[in-house]
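how would this look folded up:
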Amino acid sequence: MPSSAILHEARKLHLVSDRLDTLAEEQRVVSDALITISRNVRHTATRLEVLVVAKMRPLQEPGSANA
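Residues are numbered from 1 along each chain as shown. A predicted model of the protein is given here:
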């Protein structure tokens with residue numbers, strides 16, 4: 001299902017953002033840039049999640065399990 005694939009990619013982007021935050025703590029010389037990139041990646045992931053909720057069909061409609 002396309003929406004689950006998009007949500008999976010969004011979860012992966014959140015993980016990338018987390019790893020960039022960790023690198024920013026370790027690499028002080030480039031920490032500001034890494035934090036900025038991390039925020040952008042996290043915002044993109046969140047936008048993908050909102051897109052799925054707002055524009056795509058729900059993964060399972062209420063009551064559909066009983067049908």
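
what does the helix or strand that contains residue 7 contact?
Per DSSP states H and E, residue 7 falls inside helix 2-26. The contact list for helix 2-26 (CB atoms under 8 Å, 6 or more residues apart in numbering) reads 30-32, 34-35, 37-39, 41-42, 44-46, 48-49, 51-52, 56-59. In this view, the C-beta of every residue, glycine as well, is placed from N, C-alpha and C.

gap between that helix and the chain center?
Here the centre of helix 2-26 is set off from its chain's centre by 6 Å, with CA atoms, centre = their mean, to the nearest Å.

same question for it, mean pLDDT?
Computed over helix 2-26, the mean pLDDT rounds to 96.

swap in stretch 34-52?
97.

what residues are up against residue 42?
13, 14, 17.

and the second one, how many neighbours?
For residue 14, the tally of surrounding residues (other CB atoms under 10 Å) stands at 17.

how near is it to residue 3?
17 Å (CB to CB, to the nearest Å).

for the last one, same thing?
Distance, residue 17 to residue 3, by CB to CB: 21 Å.

ok, now residue 40?
For residue 40, the distance to residue 3 - CB to CB - is 23 Å.

So which of those two has more stuff around it?
residue 3 (15 against 12).

Next one, pLDDT for residue 62 please.
Residue 62 is given a pLDDT of 55.

Same check on residue 56?
84.

So what's the residue count around residue 7?
19.

Could you list the residues in contact with stretch 29-38?
17, 18, 20, 21, 23, 24, 25, 27.

May I see the residues you listed arranged in CSV, with neighbour count as well?
Converted to CSV, the contacts of stretch 29-38 look like this (neighbours: other CB atoms under 10 Å):
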residue, neighbour count
17, 21
18, 13
20, 19
21, 17
23, 15
24, 18
25, 10
27, 11
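
Would you format those as CSV with distance to residue 7 included?
Below are those laid out as CSV (distance: CB to CB, whole Å):
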residue, distance to residue 7
17, 15
18, 17
20, 20
21, 21
23, 25
24, 26
25, 28
27, 30
